[in-house]
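> using only what follows, build the 3D model:
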Amino acid sequence: MTEPLLVVDNLQVVFPTPHGDVHAVNRVSFEINPGQIFGIVGESGCGKTATGRALLQLIPPPGIISGGRIFFRGEDLLKKGEQGISLLRGRRIAMVFQDPAAALNPVFTIGQQLLGIMKHHKIAYGIGRRQRAIELLGELGLPAPESILNRYPHELSGGMQQRAMIAMALSAEPDLIVADEPTSALDVTIQSQILDLLVKLRHERGVTIILITHDLGVVAETCDAVAVFYLGEIIERGTARDIFHHTKHPYTRQLLASLPNPNKWGQDLNVIPGSVPTNFDQIKGCPFETRCSERLGICKSTIPFNVKFGDSHQAACHLYEGGN
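Okay, here's the model as predicted:
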């Protein structure tokens, strides 16, 4: 049996504020096998990005990782100091950030940024390093890759910027890439190209990918396994087939029902009433209780436990605790 590449156990991330602590990530656990594309999906404010950043200890202050363990190839990353994690960051685990225009440094050329990463991680030397950078940009479909090295981020289109970001993530040949909304700032055609590129990287390089998104269509196209987040917690987890064809949690059902349907042209879209609440206090019951159309009396006061539906599928919902 293949050992998981990444195991996250009871992860908790807290942001102190003058009004109290915001529990951005609350008791999150999951594992990812080598070569998987693992989707993290949910509305904005559900803790998706905070979870991805926590893997690399990139939580912006005053946020802190307040509990849990993160095992990468059997080693607990949270026991590493800043020096230890900086050697791993980018080399073994890399991140593709949400907005490439904001993530790329505007005062340095693409070449200075890409070659700087390769130099930091001692990837090739001298002319060989530059040649490897040109090859990498070419493999990612950028035209005239040698000239791209001499251009500044603002001289590239959004799709070219995102490909340059992916090149930087791949430059040290990491085992795991955390892609945080990699297509959200792009038009539909370029989105499709970037998604195809990620799938190609998985097949050709064996790269494991965490894909953070709010777009269920993207998840359906690309992901092997999916975790549905709500208010900092995973409320349903399973294979893509489990999530889309054997949906269990009311929140997941309502997310899927809110997708545009070509068979319902001209009809109003379904919406989930209310919005994700600010998580200042530990939830006493189900985090989705205030917005759920199927809530029970127990939902307000008691935290639901995970009910399993086979080997890979589980949902935290009181509807199934009696064996229904």
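> against residue 195, how distant is the residue nearest to residue 2 when sequence neighbours are not counted?
Excluding the flanking residues, the one nearest residue 2 by C-beta to C-beta, 6 or more residues apart in numbering is residue 33, at 5.5 Å. Quick note: C-beta positions are derived from backbone N, CA and C, even for glycine. Computed as C-beta to C-beta, to the nearest Å, the residue 33 to residue 195 distance reads 20 Å.
> for the two, indicate the residue with more neighbours.
Between residue 33 and residue 195, residue 195 has the larger neighbour count (other C-beta atoms under 10 Å), namely 22 against 15.
> tell me the SS of the more buried one?
helix (DSSP: H, G, I helix; E, B strand; the rest coil).
> who's in contact with it?
183, 218, 221, 222 (C-beta atoms under 8 Å, 6 or more residues apart in numbering).
> all helices for the protein, in order.
48-55, 82-88, 100-103, 110-120, 126-139, 145-148, 158-170, 188-205, 216-222, 240-245, 250-257 (DSSP state H).
> report the buried residues of the second one.
Counting neighbours by 16 or more other C-beta atoms under 10 Å, one finds that the buried residues in helix 82-88 are 85, 88.
> what packs against it?
Counting contacts by 3 or more C-beta pairs under 8 Å, 6 or more residues apart in numbering; DSSP states H and E, helix 82-88 packs against no other helix or strand.
> hmm, back to that, which among the contacts of residue 195 gets closest to residue 254?
residue 218 (18.4 Å; C-beta to C-beta).
> show me the contacts for the closest one.
With C-beta under 8 Å, 6+ apart, residue 218 has these contacts: 39, 183, 191, 195, 211.
> show me which pair in those is furthest apart.
Going by C-beta to C-beta, the pair spanning the contacts of residue 218 furthest: 39 and 191, at 15.0 Å.
> neighbour-wise, which of those two wins?
residue 39 (25 against 20).
> pretty sure the more buried one sits against residue 240.
Yes - using C-beta atoms under 8 Å, residue 39 is in contact with residue 240, at 7.3 Å.
> now stretch 287-301: average pLDDT?
On average, the pLDDT along stretch 287-301 is 92.
> wait, doesn't residue 223 sit right on residue 38?
Yes - counting by C-beta under 8 Å, residue 223 touches residue 38, with 6.7 Å between them.
> so where is this structure shaky, pLDDT-wise?
1, 185, 281-282, 322-324 (pLDDT under 70).
> swap the cut-off to 80 and go again
The model of the chain has pLDDT under 80 over residues 1-2, 183-190, 260-269, 278-283, 321-324.
> identify the residues contacting the most centrally placed residue in it.
The residue lying closest to the centre of the chain (C-alpha atoms, centre = their mean) is residue 212, at 2.7 Å. Residues in contact with residue 212 (C-beta under 8 Å, 6+ apart) are 39, 40, 48, 49, 51, 52, 178, 179, 180, 181.
> swap in 7 Å and give it another go.
40, 48, 49, 52, 179, 180, 181 (C-beta atoms under 7 Å, 6 or more residues apart in numbering).
> over to residue 244?
Neighbours of residue 244 in contact, by C-beta under 7 Å, 6+ apart: residue 220.
> now do it against residue 144, distance only.
40 Å.
> over to residue 299?
58 Å.
> the more surrounded of the two?
residue 299 (21 against 11).
> thinking again about what came up before, which neighbours do residue 223 and residue 38 share?
Common neighbours of residue 223 and residue 38 (C-beta under 7 Å, 6+ apart) are residue 211.
> wait, isn't residue 242 in contact with residue 313?
Yes - the pair residue 242 and residue 313 qualifies as a contact (C-beta atoms under 7 Å) at a distance of 4.0 Å.
> how many other residues sit next to residue 278?
13.
> got it, and residue 214?
17.
> residues contacting it?
So residue 214 contacts 41, 42, 43, 44 (C-beta under 7 Å, 6+ apart).
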